[in-house]
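# Compute the structure for the input listed below.
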Amino acid sequence: MTNSVFKGLEVASSLLLAYNSLAQAHKRSTESVKANAKMDKTNVDPFANYKNCFGLVLLNASIIEGSLRSILSSSLVEEINRSVNEAKISGRTGPSKAEIMLTRFHNDVEMQGGWEPLKSQYKLYFDISLDALMGEALKEPINVLFTLRNILAHGTAIVQPKSDMDETMKDMYPYNWQKKLQQTRVYLERIFGNKDIFENLAEYEMPIHFMDKTKELFVVIKNEINPLPERSQRIFEMVEEFRFGFISNGR
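Model (predicted):
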């Protein structure tokens with residue numbers, strides 16, 4: 001049994017800095033569009049916000065997943081190290097079955113991505129249901145955010161049927177998209193008021209809405225897992241202090 005030495009980087013913190021840069025660009029771009037619209041309303045691209053909104057959604061979901069995964073990973077490392085130190089004191093020279101299982105689980109946590117697997121891992125280790133912890137008010141927007149992340153990450157087209165398709169059309173390509181995007185379409189329409197999902201995805205406030213929900217989620221997590229592991233505390237502080245579209249000195 002040996003302790004390994006390694007270097008690490010908390011990626012979620014860097015992703016938030018990248019998100020901040022893109023949020024500033026999003027704000028500037030929107031201000032420019034509004035100025036141009038006053039001068040020439042016929043020359044305004046209604047979907048100009050896509051170029052920033054999609055990147056912000058991708059980064060936002062990764063910030064959540066990375067931050068929550070860091071908590072779980074840190075907790076596992078602390079438990080493994082504690083067990084190894086106790087073994088040294090007792091004179092044991094080989095890993096116990098519990099240590100082997102914890103190490104394998106830690107590898108899975110670090111190497112297996114995805115929101116749904118992470119929720120299962122939280123339930124297994126912390127006995128925490130993230131869905132129950134979030135409640136309906138947070139569970140729906142966070143799940144919608146990850147649905148969008150999973151779609152956007154593949155870079156393929158997003159399809160919305162012009163009219164609702166019934167079960168008799170379930171073998172048709174657009175029906176699969178209708179089913180896949182049902183919760184997302186309904187949620188975005190409720191928040192932004194447009195029946196067209198593409199108009200809702202182009203809303204300037206769309207990424208701001210999901211970052212606001214992220215800040216709420218982090219408060220809930222921080223209250224449940226207290227104290228946070230040391231390596232996770234900084235990203236939670238950064239998210240708590242974050243103001244969309246402003247640089248770090250508050251301007």
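
# From here on, just use CA atoms for contacts and neighbour counts.
Noted.

# mind listing what the residue nearest to residue 192 when sequence neighbours are not counted touches?
Taking CA to CA, 6 or more residues apart in numbering as the measure, residue 192 lies nearest to residue 200, with 6.2 Å between them; neighbours along the chain are not counted. Shown here is residue 200, whose contacts under the criterion CA atoms under 8 Å, 6 or more residues apart in numbering are 188-189, 192-194, 206.

# hmm, try it at 10 Å
With contacts defined as CA atoms under 10 Å, 6 or more residues apart in numbering, the neighbours of residue 200 are 47, 185, 187-194, 206.

# Give me the buried entries from those.
Buried residues within those, counting neighbours by 16 or more other CA atoms under 10 Å: 185, 187-189, 192, 194, 206.

# and residue 185, what does it touch?
Counting by CA under 10 Å, 6+ apart, residue 185 makes contact with 144, 160, 178-179, 194-198, 200-201.

# Find the helix or strand that it is a member of.
Secondary structure from DSSP states H and E places residue 185 in helix 182-192.

# Sketch out the low-pLDDT regions of the stretch 151-251 of the chain for me.
Low-confidence segments of the stretch 151-251 of the chain, defined by pLDDT under 70, span residues 161-163, 165-179, 247-251.

# Which parts of it are helices?
Taking DSSP state H, counting those that start in this stretch as the test, the helices found in the stretch 151-251 of the chain are 173-180, 182-192, 197-201, 206-224, 230-241.

# Now tabulate the ones you listed in TSV and tack on distance to residue 130.
Written out in TSV, the entries for the helices of the stretch 151-251 of the chain read as follows (distance: least, CA to CA, whole Å):
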stretch	distance to residue 130
helix 173-180	22
helix 182-192	19
helix 197-201	26
helix 206-224	9
helix 230-241	17
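
# Return the per-residue confidence for residue 85.
What the model reports for residue 85 is a pLDDT of 81.

# That one: how many residues sit nearby?
Burial of residue 85, expressed as a neighbour count using other CA atoms under 10 Å, amounts to 15.

# dump the residue contacts of the most centrally placed residue in the chain.
Centre of the chain computed as the mean C-alpha position; nearest residue by CA atoms, centre = their mean is residue 61, 2.0 Å away. Counting by CA under 10 Å, 6+ apart, residue 61 makes contact with 67, 114-115, 142-143, 145-150, 210-211, 214.

# Equivalent analysis for residue 115, please.
Contact analysis of residue 115 by CA under 10 Å, 6+ apart lists 61-62, 64-66, 68-69, 121, 142-143, 146-147, 150.
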